[in-house]
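Visitor: Okay, sequence plus prediction incoming.
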Amino acid sequence: MKPAEFKRRRSQLMKMMGRNTIAILPSASEIIRNQDVHFPFRQHSDFLYLTGFKEPDAVLVLVPGRKHGEYILFCREKDPEQETWNGRRAGQEGAIETYGADDSFPIDDIDDILPGMLEGKDSIYYTIGNYPDFDKRLIGWINHIKAQARSGVHVPSEFVALDYILHDMRLYKSREELRLMRKAAAINVRAHQRAMQLCAPGKHEYEIAAEFDHEYRRNNVDHAYPAIVGGGGNGCILHYTDNQDQLQDGDLLLIDAGCEVEGYASDITRTFPINGRYTPAQREVYDVVLAAHQAAIKKVKPGNHWNDPHNAAVRSITRGLIELKLLKGNLNKLIKDQAYRRFYMHRTGHWLGLDVHDVGDYKVGDQWRLLEPGMVMTIEPGIYIPAGSRGVRRKWWDIGIRIEDDVLVTRDGYEILTDALPRKAQEIENLMAS
Ligand code: GLY
Ligand code: MN
Ligand code: MN
């Protein structure tokens, strides 16, 4: 991502904030995994969006119209000894030269410097509740200013939800963001293809999961979320991540895995036969899910609302379940009664971006949001029939199927970013046989 893009975002935000305001956004913190080992650090997506800065212990401050510079980055100081142990730091010089800050101070000096920047401002743009420790410090600084009110210091009088504005900005993807999302999609497609080709009865779920580690890491990208690799009945557990079991001949394998490129996620699910051929029962359910997927994607176009694809998927799945005799009754009544939820209990998608379940409101007031060009969402209908399902014939047991793709809303419809990965049953069988 080019520095100019981050600058454009900050400028856009500052324009919306107006004069006599200040925005404050802390970075993510390192989290201890055990003893003195940390989890791999992942920057908070809002912070990444405005700075591209990937270190912890930093605070972004924006002060529109500030004479000595509008973009201030508090971050860790250079420290040769610490850097010898734990890696390089940008320091104040790097914050300015590499990350485009107008001004930068050591994070340890924030108590001395930030209160002065708050003084005299009308509004503080900040997200309350995300960073409990920082909330307390900020309130402390404001109380400190209040204590000086009698000497004529102007105390900021309102907090404005920063995330509300930022998340709306993040919902519309720029050309540069789409370039990264296309790259994430392409790497992910190759990883899923590899998994299909290397899958075989007798292997373990973790061995297939390792193919994703391999394909992602060799492209220098990370998982966007823990991979779900579920054989047979494990495919019916929506957030299954144990990935321990052996793959059985005749079962399906559901894989929901995705990587992120510079933070931008791809999120794909495919469900394929472990031995390379769907059984007739698996194929029947598969084709119902595929039809729902197609019906949902057709509803992705500007002017339709967020829930149109879901409604189409629900109608299509309910009709399919009636045809398979898994549901009995009148189509409209079964939809109204949400009878499908026994087999299809999640929604048809979510926004996709810097977070895999990306930010952005799904409703405006009490109306579903209208789809607009530049929004990216997933389409991911499924049917799940665990063993032991009462009143369900055994031939359907342990069939868990989801088909998930990443879809961009374009000017006149949609573009499937993950379209290169086979989706039709026959195409998947062909790839597995090749
Ligand atoms: N991988 C998470 C999801 O599909 O929503
Ligand atoms: Mn998803
Ligand atoms: Mn997924």
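Guide: On my side now, so go ahead. Ligands and ions are numbered 1, 2, ... in the order given.
Visitor: Okay, now the unreliable bits of the stretch 51-200 of the chain?
Guide: Applying pLDDT under 70 to the stretch 51-200 of the chain flags no residue at all.
Visitor: would you list every one of the helices in it?
Guide: 80-86, 91-97, 110-118, 132-147, 162-171, 175-198 (DSSP state H, counting those that start in this stretch).
Visitor: Need phi/psi at residue 246.
Guide: phi -80, psi 140 (degrees, to the nearest 10).
Visitor: where does the residue lying closest to residue 167 once chain neighbours are set aside land in three-state SS?
Guide: Nearest residue to residue 167, sequence neighbours excluded (C-beta to C-beta, 6 or more residues apart in numbering): residue 359, at 3.8 Å. C-beta: built from backbone N, CA, C; applies to glycine. Residue 359 falls in the coil class when you classify it by DSSP: H, G, I helix; E, B strand; the rest coil.
Visitor: again with residue 428
Guide: Residue 428 ends up helix, using three-state DSSP.
Visitor: I figured it hits residue 422, correct?
Guide: Yes - Residue 428 is in contact with residue 422 according to C-beta atoms under 8 Å; the separation is 4.9 Å.
Visitor: joint contacts of those two?
Guide: 196, 270 (C-beta atoms under 8 Å, 6 or more residues apart in numbering).
Visitor: contacting residues for the residue positioned nearest the centre of the chain?
Guide: Central residue of the chain (C-alpha atoms, centre = their mean): residue 356, 1.3 Å from the mean position. Going by C-beta under 8 Å, 6+ apart, residue 356 touches 224-225, 258, 260, 265, 267, 350.
Visitor: from these, which are also near ligand 3?
Guide: The subset of the contacts of residue 356 lying close to ligand 3, counting by C-beta under 5 Å from the ion, consists of residue 267.
Visitor: ok, the contacts of residue 356 vs residue 95, which is closest?
Guide: Within the contacts of residue 356, proximity to residue 95 (C-beta to C-beta) peaks at residue 260, which comes in at 23.8 Å.
Visitor: Against residue 16, how distant is the residue nearest to residue 82 when sequence neighbours are not counted?
Guide: Excluding the flanking residues, the one nearest residue 82 by C-beta to C-beta, 6+ apart is residue 89, at 7.5 Å. Distance, residue 89 to residue 16, using C-beta to C-beta, to the nearest Å: 32 Å.
Visitor: sorry, back to before: that's a strand at the residue nearest to the centre of the chain, yeah?
Guide: No - secondary structure assignment places residue 356 outside any strand; it is coil (three-state DSSP).
Visitor: That one and ligand 3: what is the separation?
Guide: The gap separating residue 356 from ligand 3 is 7 Å, by C-beta to the ion, to the nearest Å.
Visitor: Spell out which parts of this structure neighbour ligand 3.
Guide: Counting by C-beta under 5 Å from the ion, the residues of the chain near ligand 3 are 256, 267, 404.
Visitor: Scan the residues you listed and report the most crowded one.
Guide: residue 267 (28 neighbours; other C-beta atoms under 10 Å).
Visitor: What count of nearby residues applies to residue 146?
Guide: Residue 146: 12 neighbours (other C-beta under 10 Å).
Visitor: Tell me who's in contact with it.
Guide: Residue 146 neighbours (C-beta under 8 Å, 6+ apart): residue 155.
Visitor: so the residue nearest to residue 167 makes contact with residue 351?
Guide: Yes - using C-beta under 8 Å, residue 359 is in contact with residue 351, at 7.0 Å.
Visitor: the more surrounded of these two?
Guide: The neighbour comparison of residue 359 against residue 351 (other C-beta under 10 Å) goes to residue 351, with 22 against 19.
Visitor: so what's the more buried one bridging to?
Guide: Beta-bridge pairing for residue 351 (DSSP bridges): residue 377.
Visitor: residue contacts, it?
Guide: 171, 357-360, 362, 375-377.
Visitor: 10 Å instead, please
Guide: 167, 170-171, 173, 306, 357-362, 369, 375-378 (C-beta atoms under 10 Å, 6 or more residues apart in numbering).
Visitor: before we move on, what about residue 417?
Guide: 178, 181-186, 188-189, 266, 268, 352, 376, 378, 405-408.
Visitor: Hmm, residue 274 is touching residue 253, no?
Guide: Yes - using C-beta atoms under 10 Å, residue 274 is in contact with residue 253, at 5.2 Å.
Visitor: Pull up the distance across stretch 166-177, start to finish.
Guide: Criterion C-alpha to C-alpha, to the nearest Å; first-to-last residue distance in stretch 166-177 is 15 Å.
Visitor: Just the buried residues of that stretch, please?
Guide: Buried residues in stretch 166-177, counted by 16 or more other C-beta atoms under 10 Å: 166-167, 169-171, 173, 177.
Visitor: From residue 188, how far out is residue 350?
Guide: Applying C-beta to C-beta to residue 350 and residue 188 gives a distance of 16 Å.
Visitor: Between these two, point out the one with more neighbours.
Guide: A count of neighbours by other C-beta under 10 Å puts residue 188 above the other of residue 350 and residue 188, at 30 against 17.
Visitor: Let me see the contact set for the more buried one.
Guide: 212, 215-216, 219, 221, 224, 257-261, 265-268, 406, 417-418, 420-421.
Visitor: Filter those to keep only those in contact with ligand 1.
Guide: By C-beta under 6 Å from any ligand atom, the members of the contacts of residue 188 lying near ligand 1 are residue 267.
Visitor: I figured residue 341 hits residue 382, correct?
Guide: No - using C-beta under 10 Å as the test, residue 341 is too far from residue 382 to be in contact (11.9 Å).
Visitor: The two: which is more packed in?
Guide: residue 382 (27 against 10).
Visitor: what pairs with the more buried one across the strands?
Guide: residue 402.
Visitor: quick one: it and residue 403, what's the gap?
Guide: Taking C-beta to C-beta, one finds residue 382 at 7 Å from residue 403.
Visitor: Mind listing the shared neighbours of the two?
Guide: Common neighbours of residue 382 and residue 403 (C-beta under 10 Å, 6+ apart) are 254, 269, 271, 289, 292-293.
Visitor: Kindly reformat these as CSV containing pLDDT, distance to ligand 1 and secondary structure.
Guide: As requested, those are exported to CSV (pLDDT from 0 to 100; distance: C-beta to the nearest ligand atom, whole Å; DSSP: H, G, I helix; E, B strand; the rest coil):
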residue, pLDDT, distance to ligand 1, secondary structure
254, 99, 11, strand
269, 99, 6, strand
271, 99, 13, strand
289, 99, 14, helix
292, 99, 15, helix
293, 98, 13, helix
